[in-house]
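Participant: Dropping the sequence and predicted coords here.
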Amino acid sequence: MADLTVHVDGMTLPNPFVIGSGPPGTNANVIGKAFDEGWGGVVAKTISLDASKVINVAPRYARLRTSESREIYGWQNIELISDRPFDVWLDEFRQLKDKYPDGCLIASIMEEYNKDAWVEIVERTQATGVDAFELNFSCPHGLPERKMGAAMGQDCDILSEVCGWVNEVATIPVWAKMTPNVTHIEDPARAALAAGCEGVSAINTILSTMGVDLETLRPEPTVEGYTVPGGYSCTAVRPIALRMVMELATMMHGGNSGQPIQPDGRVAVRGEFPDRSISAIGGVETGEDAAQFILLGASTVQVCTGVMKHGYAMVKPMCDQLSAFMDKHGFKTIEEFRGHSLRYFTTHAELVRLQREAKEAAQAERRRKMVVEDAQWSGDDFVDQSDALSRG
Ligand SMILES: Cc1cc2nc3c(=O)[nH]c(=O)nc-3n(C[C@H](O)[C@H](O)[C@H](O)COP(=O)(O)O)c2cc1C
């Protein structure tokens, strides 16, 4: 029977499934529900010191559905971080840690570009007993106008400085949540890890415009006739998240990316941060989805939009599906297959070379089979059989 336990950055989770920051972790009630249902951990909705500056609008979601089954596969939001007061959050973190001492509770925090503010939010939040921090450097809408969220995550110098401030005072593990709205996600990740973060989380939502209403000619979601680009999530983003997690894992843990395959099967590129962790996020709804992220190097897998579609109980079938995958392949622990598939990424030139070699090998095999006893020559294969006996 597969063991789903995850040991990451000194924490132990009963399974790799973690609630991603957002509506499913928006207050103590729903976070408690997640622990009751068996989630391995919860990243709470992002908080800041002064919630009065956070003003949400409605509607703030827009969704894409398949035309026949009407299944939701794309979700855009223009929701901000939590608008609930910081002190209320601190009380709720304390209550949650009292009630669920073994539950892995991760506080997602965000502040302006100001050392005192970051030091204050870290010190006051960790005093509640939360298990880890996730630094939100990735919210793509609203907050960047205040130089927060993705505005920080897109600037490696600021990111490095802020992670340095946080790690000077943090006594618990720190994950930096990366924005996908960059050309090379490894660059900000490298900056955060070099500044002492224990891990990275990826991805946050992808900057998007969901569509334009062809009756009103207004883009969606429409607020008093206007909109802003928002963040795209759900099933549709999973391939992009998988690619970015692969790139992060290759940079951190090693892989072949950009290099020829080594004859002995070793990976070509050594990792820069082999002992740091990845929490993968983006379009996960099943245990099979999660298995793919783990195969590409993730220790934990977060789910946000999936919970908004299916509810907290989805963790049980996800655990069953992941166990079934592990049993099928004989993997007893998560660690046994984490990062296994990274070695299969290479360059396009290598794909061409491999394919040429495979074709040549198949041709040689065909020729070998054509060489038969004289008595077995047939009129049908006569030309091929003659050819097989000639050189060049
Ligand atoms: C409605 C909504 C609100 C979100 N709020 C936050 C947030 O406060 N902080 C954060 O770090 N990420 C936030 N996210 C991003 C998610 O945590 C996650 O990174 C992203 O949605 C991709 O994962 P998913 O496809 O499982 O939703 C939010 C996502 C949605 C859909």
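Facilitator: Perfect, I can see it now.

Participant: Quick check: nearest residue in space to Gly103, chain neighbours excluded?
Facilitator: Closest residue in space to Gly103, ignoring its immediate chain neighbours: Phe35 at 4.4 Å, by CB to CB, 6 or more residues apart in numbering. For the C-beta atoms, the positions are set from N, CA and C on the backbone; glycine is no exception.

Participant: mind checking how far the one you found is from Gln154?
Facilitator: Summarising the geometry, the distance separating Phe35 from Gln154, computed by CB to CB, to the nearest Å, is 34 Å.

Participant: residues touching the residue nearest to Gly103, list them.
Facilitator: Neighbour list for Phe35: Val42, Leu96, Tyr100, Gly103 [criterion: CB atoms under 8 Å, 6 or more residues apart in numbering].

Participant: Pick the one among these closest to Leu159.
Facilitator: Lowest distance from Leu159 to those (CB to CB) belongs to Val42, with 24.7 Å.

Participant: what pLDDT, on average, does stretch 216-225 get?
Facilitator: In this model, stretch 216-225 has a mean pLDDT of 95.

Participant: what about the strands in the stretch 251-392 of the chain?
Facilitator: Using DSSP state E, counting those that start in this stretch, the strands found in the stretch 251-392 of the chain span residues 254-255, 269-270, 277-281, 300-303.

Participant: Please enumerate residues in contact with the first one?
Facilitator: Read it as strand 254-255. Contacts of strand 254-255 with the rest of the structure, by CB under 8 Å, 6+ apart, involve Met246, Ala249, Val267, Ala268, Val269, Arg270, Gly271, Pro274, Leu342, Arg343, Phe345.

Participant: Export the contacts of Phe35 as CSV, with columns for distance to the ligand and pLDDT.
Facilitator: Compiled in CSV, the contacts of Phe35 are given as follows (distance: CB to the nearest ligand atom, whole Å; pLDDT from 0 to 100):
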residue, distance to the ligand, pLDDT
Val42, 11, 98
Leu96, 17, 98
Tyr100, 21, 98
Gly103, 18, 98
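
Participant: Looking at these, which are in helices?
Facilitator: Applying DSSP state H to the contacts of Phe35, the entries found in helices are Leu96.

Participant: Turn the strands of the stretch 251-392 of the chain into JSON lines, columns for mean pLDDT and mean neighbour count.
Facilitator: Supplementary listing: those in JSON lines, determined by pLDDT from 0 to 100; neighbours: other CB atoms under 10 Å:
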{"stretch": "strand 254-255", "mean pLDDT": "86", "mean neighbour count": "23"}
{"stretch": "strand 269-270", "mean pLDDT": "80", "mean neighbour count": "12"}
{"stretch": "strand 277-281", "mean pLDDT": "98", "mean neighbour count": "29"}
{"stretch": "strand 300-303", "mean pLDDT": "98", "mean neighbour count": "30"}
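
Participant: Export those strands as JSON lines, with columns for distance to the ligand.
Facilitator: Formatted as JSON lines, the strands of the stretch 251-392 of the chain follow (distance: least, CB to the nearest ligand atom, whole Å):
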{"stretch": "strand 254-255", "distance to the ligand": "23"}
{"stretch": "strand 269-270", "distance to the ligand": "27"}
{"stretch": "strand 277-281", "distance to the ligand": "4"}
{"stretch": "strand 300-303", "distance to the ligand": "5"}
